[in-house]
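Chemist: Can you look at this prediction? I've put the sequence above it.
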Amino acid sequence: MPRMVISEDRCVINSRVGQTPVKLAIAFSLSALMAACAPDEGVSDNGVSESPKETINVRWTEHGIPHITAQTWEGLGFGFAHSVAQNGVCVLAKELVTVNGELSKYFGAENGNVNSDAFHRALLNDAKIDEYLAASSADSNAMDSGYARGYNRYIDTHADQLPASCAGAEWVKPIDERDLARLAIGVGIRYGLGRVTDQIATATPNQAIASLKPIDLSLDVEKIGSNAYAFGSELTDTGRGILLGNPHYPWQGPSRFHMAHLTLPGEIDFMGVGLIATPRLAIGFNETIAWSHTVSTALRFTFFRLDLVPGNPMAYLVGDQERPIEAIEVAVETATGIENRTVYLTHFGPVVAGPNTPWNDQHVYVMRDVNYENYRTGDQYAAMQRATDVTQLKQALADHQGAAFVNTIAADKAGGALYADMSAIPNVSVDLIARCAVDQSAGARITTLNGSDPSCDWQIDESAAAPGLMPPSQQPSLITTTYAGNSNDSYWLSNPAMRLEGYSPIIGDENAQRTLRTRAGLKFVEEVLNAGEKFDQATVENLLFTHRHYGAELFLDEVLEVCADDPTLAEACAVLANWDRRQTVESRGAHIFNEFFTETNQLSAYYAVPFDNADPVHTPRGLTVSETATREAIVAALHVAVDRITDAGIALDARWGDVQFEIRNGEKIGVPGGDGRAGMFSVISARFDGDNGGYTPIVTGNSYIQSVTWNEDGSPSARAILTYSQSPEPDSPFYADQTKIYSQSQWIEMPFTDEQIATKLVREETLEM
C-alpha cells in the first residue's frame, strides 16, 4: 500500500510500498520541493519549525477517488481542496477567474468576456461578500478558510506539475475565503441573474429597442436536468430504502461533478459528488440516508417594473418614496487597456434592459434573484449530511432553504422515501400574482410584479429561513414508504397515487401534460409494480441502464406501418423494424429514429389520444395514421433522416456506439443513452455532426449516477459511475477510465466503510496543515 507524507517541518516526502520506504524526489521538481519546505503557517518568523496545526489523511481508492479525514472543519476543507485540485485544478482556477471578473484580462475581450467581467465585478462586490461571510456559520467559514489554504498549498507545491491545460498559466493563483464566497454566489445565480449578464452589463436609459439583446430565460432541462427515484420499505425486497440518482449535467467545464468522501468524526461522514466549482459535496450518501437532486421548475427570481420619477431616469418610486438608482462603475482590464462599464442597481437588484424590458422615460425593469441573497448553502449541506433519515433531511431543508435551484429525492435505511422542493423560492403566492403582475414582458412563465407598489414585494413569513422566502409549509414535499421521484417536471406527479396540488404557480404547473422522459420513468416503475415484483438494487439500476427508448415504444409500430407507403424507405424501415428500441452501444437503427423524431418535433402534432388529466402517465399516445397529412409528414421526416445519415457516410444499421461517442486521447468510446425529449430516461445530449461521424462530442446528460441501498449489516451498498471520469485533463490517468466502464453500462463500487476502503485502496497521503 503506497503511503505519502508531505511534511512542512521535516521537509521529507516518502512513500511506502508494503513496508519498504522509497524516496520520491524524482516525482517532484526541485522548485516544488523547495516550495513545500518554504516557511508557512507551520514555521515561525525566525525559521524555527513548529508543530503542524493539524494532520489530514487522504486515502485514494480506484478511479482517483479521495477519502479525506480531518479533525476540524478547516482541515476538512484543506484536504478537500488538495484532492479536488489533483483532478480538476485548471477548471477550478478558470472558474475563479470568472467570478472575479478577470476573463478579459487572461482570456481576451471577445466571447462576451467584458460583459461577464463587468457583471461579476459589480454584483459580487465587497459589500455583498461581507454580507455572505457574516451570515455564514463559523464552521462553514472555517471549511472555506481551509479550502483556500489547501488550494493555495497545492498550486504552490505543484507549480511545475500542473496539467498541460494550465501549466505555467498566470491565472492559476492564490485565493482566499472571499473568492470562495464569490464562487458560491456566482454558482447560485447561474440560472437567474447569470442568464442576463449582457442585459445587465449594457443597460442604460433610452437605448434603441433594436440595439437591445433579447432575453432568454428558458431552461432546457434536457441539457441541465436529472432523474431521481427513491423506493421505500413497501416496495423493496429488503424493506430498506433504495435510491437511484441520475443528474444530467455538462460533460465539460465547472459544472462537472467530482467524487469524494469527507469525514469529520462526530460531525459528518458523507460520500458523493460536488461540482468542481463548489467547495462542498451536494449529493450522495452517509451511513443511513442517500439523496440526489433534480433541477426544479420553481422560478428563483421575479422581475419588477418600477415607475421612474418624472424627468429623472436615475430615480424610481416605491409608494410615495423616491429612491435613487445606484451606478456601479466597473473597470475591466483587457489586453488592450481598460474598458469601462456601468452597472445599475436598485434595492431589488440590477437593472435588466432587453427589447421587452426597456429602460425608458416611464419605467425601468429590474430582477430580484433569491440566490443573490442566499448565504446558507454551506450550512444547508452540512445539516443535510448530518441527517439520519428522511424526516431529519426534510427538516434540514426547511431550516435552511439553502438548496439553490433543486428538488431533493432521498431514501433511508429504515425504508423511508422523500420528495421535496423545499429550496430557495420567492414567496410569491397566487393572490400576489393576481394583484401585482403587470405584464409578461420578460417572457412566458416569467413573473413581472409592480415594484412601485410596496405591497407587491415578496412576502415576509417568519417561518421561512430568510425574509422573502416562501415558507416550507407552502412548498411541496412527500414522505412515503412506496416511492417518490422526479424528472424535471413539477412536483405534481412525484407519485401519481399521491398527487401534490394547490401550490403557487411560481413553483410549477399542475394538471398538465408531462414530458416523455417523466412518463418513461413512471411507466418503467409501474411495470415492476404491475408485475407484483419487489425492487432490488439491480432492478432499480436497470430502470436506467436498459437504455429503453420510450418514444419508440409508444410510436414506432405506427411509423413502421406508414413505412410501407414508400418503397424507397425499405432499407431504413427494415433496420427500424429490427431495432431493439434501446440506445445501448450495441443497438442498431437508433440514429434513424433519433433524426426522424427530431425532424417531427417528437411527433407532437400527430397524437391520436390527447392528454387526459385522469391518465397523465399514458397520454398523449398513438398517432393519427389514418390521416393523409400525418402519413405524408412521417414519410417526409424519414427521408430527411435517411438523407442526413447517408450524406454523412454513416450506415443505416450502424451500432449506436459507433455513432454516439467520445474521443479520449485518440480512442473512440461509444456512449449509451439518448435524447430525453424523445422519451429516453437515460439521457445523453449531443448534436449530430456528420463531418465528425455522428453525435460527438457529448455536451451533457448522464453524469454522476448512483444506486444506494443498505446491506444486512447496515453498511451502505453503493454503486456509481461518473460517466465522463474523474478528471477533465487528458494527461490524467482518470481521464477516461470510468467513461469506458459507462460505455458498457457497468458500475463501480463506492467504498464507504474502512473495510470497504481497504479493499480498493491505491495510495495514502498525510497532509500537515
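Modeler: Done, it's in. Residues are numbered from 1 along each chain as shown.

Chemist: isn't residue 668 right next to residue 661, touching?
Modeler: Yes - counting by CB atoms under 8 Å, residue 668 does reach residue 661; the two are 5.2 Å apart. Bear in mind the C-beta positions are built from the backbone N, C-alpha and C, glycine included.

Chemist: So between these two, which is more surrounded?
Modeler: Each of residue 668 and residue 661 has its neighbours counted (other CB atoms under 10 Å); residue 661 has more, 24 against 13.

Chemist: In the helix or strand hosting that one, which residues are buried?
Modeler: If you go by DSSP states H and E, residue 661 is part of strand 661-664. Within strand 661-664, the residues that qualify as buried by neighbour count (16 or more other CB atoms under 10 Å) are 661-662, 664.

Chemist: quick one: contacts for residue 511?
Modeler: Listed by CB atoms under 8 Å, 6 or more residues apart in numbering, the contact partners of residue 511 are 492, 501, 613.

Chemist: Just the closest of those to residue 170, please.
Modeler: Of all the contacts of residue 511, residue 492 has the smallest distance to residue 170: 50.9 Å, by CB to CB.

Chemist: and the gap between that closest one and residue 219?
Modeler: 18 Å (CB to CB, to the nearest Å).

Chemist: neighbour-wise, which of those two wins?
Modeler: residue 492 (21 against 17).

Chemist: what's the neighbour count on the spatially closest residue to residue 378 that is not a sequence neighbour?
Modeler: Leaving out its chain neighbours, the residue that sits closest to residue 378 by CB to CB, 6 or more residues apart in numbering is residue 140, at 3.6 Å. Counted with other CB under 10 Å, residues neighbouring residue 140 total 24.

Chemist: what's the answer for residue 244, then?
Modeler: Residue 244 has 27 nearby residues by other CB under 10 Å.

Chemist: Provide a list of residues in contact with it.
Modeler: 227-230, 292, 540-541, 543-544, 705-707.

Chemist: secondary structure class for it?
Modeler: strand (DSSP: H, G, I helix; E, B strand; the rest coil).

Chemist: Would you list the phi and psi of residue 678?
Modeler: Per-residue torsions, residue 678: phi -90, psi 0 (degrees, to the nearest 10).

Chemist: List the contacts of the strand holding residue 661.
Modeler: For strand 661-664, using CB under 8 Å, 6+ apart, the contacting residues are 251, 668-671, 693-698, 724, 730, 735-736, 739.

Chemist: Apply 6 Å and report the result again.
Modeler: 668-671, 696, 698, 736 (CB atoms under 6 Å, 6 or more residues apart in numbering).

Chemist: cool, and stretch 227-238?
Modeler: 239, 241-246, 292, 294, 409-411, 415-417, 480-487, 521, 534-536.

Chemist: Any of those buried? List them.
Modeler: 241-246, 292, 294, 409-411, 415-417, 480-487, 521, 535.

Chemist: Quick one: mark the members of the residues you listed that sit in helices.
Modeler: Among those, the ones falling in helices (DSSP state H) are residue 521.

Chemist: Counting neighbours, which bits of stretch 576-586 end up buried?
Modeler: In stretch 576-586, counting by 16+ other CB under 10 Å, buried: 576, 579-586.

Chemist: Of all pairs in those residues, which one spans the longest distance?
Modeler: The widest separation within the buried residues of stretch 576-586 (CB to CB) is 18.3 Å, between 576 and 585.

Chemist: Tell me which residues touch residue 173, please.
Modeler: Contacts of residue 173 (CB under 6 Å, 6+ apart): none.

Chemist: Confirm it sits in a strand?
Modeler: No - if the criterion is three-state DSSP, then residue 173 is coil and not within a strand.

Chemist: how close does it get to residue 100?
Modeler: Taken as CB to CB, the span from residue 173 to residue 100 is 10 Å.

Chemist: Let me see the mean pLDDT of the strand holding residue 661.
Modeler: Computed over strand 661-664, the mean pLDDT rounds to 98.

Chemist: And that strand, how far out from the chain middle?
Modeler: Chain-centre distance of strand 661-664: 22 Å, with CA atoms, centre = their mean, to the nearest Å.

Chemist: Can you dump the C-alpha atoms of it in PDB for me?
Modeler: The C-alpha trace of strand 661-664 is given here as PDB (Å, rounded to 0.1, in the frame of the first residue of the first chain):
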ATOM      1  CA  PHE A 661     -19.100   8.500 -28.900                       C
ATOM      2  CA  GLU A 662     -16.400  10.400 -27.200                       C
ATOM      3  CA  ILE A 663     -12.800  10.600 -28.300                       C
ATOM      4  CA  ARG A 664     -10.400  10.300 -25.400                       C
END
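
Chemist: Mind giving me the packing neighbours of the helix or strand just after that strand?
Modeler: Using DSSP H and E, the helix or strand that follows strand 661-664 towards the C-terminus is strand 667-670. Where contact means 3 or more CB pairs under 6 Å, 6 or more residues apart in numbering; DSSP states H and E, strand 667-670 is packed against strand 661-664, helix 737-743.
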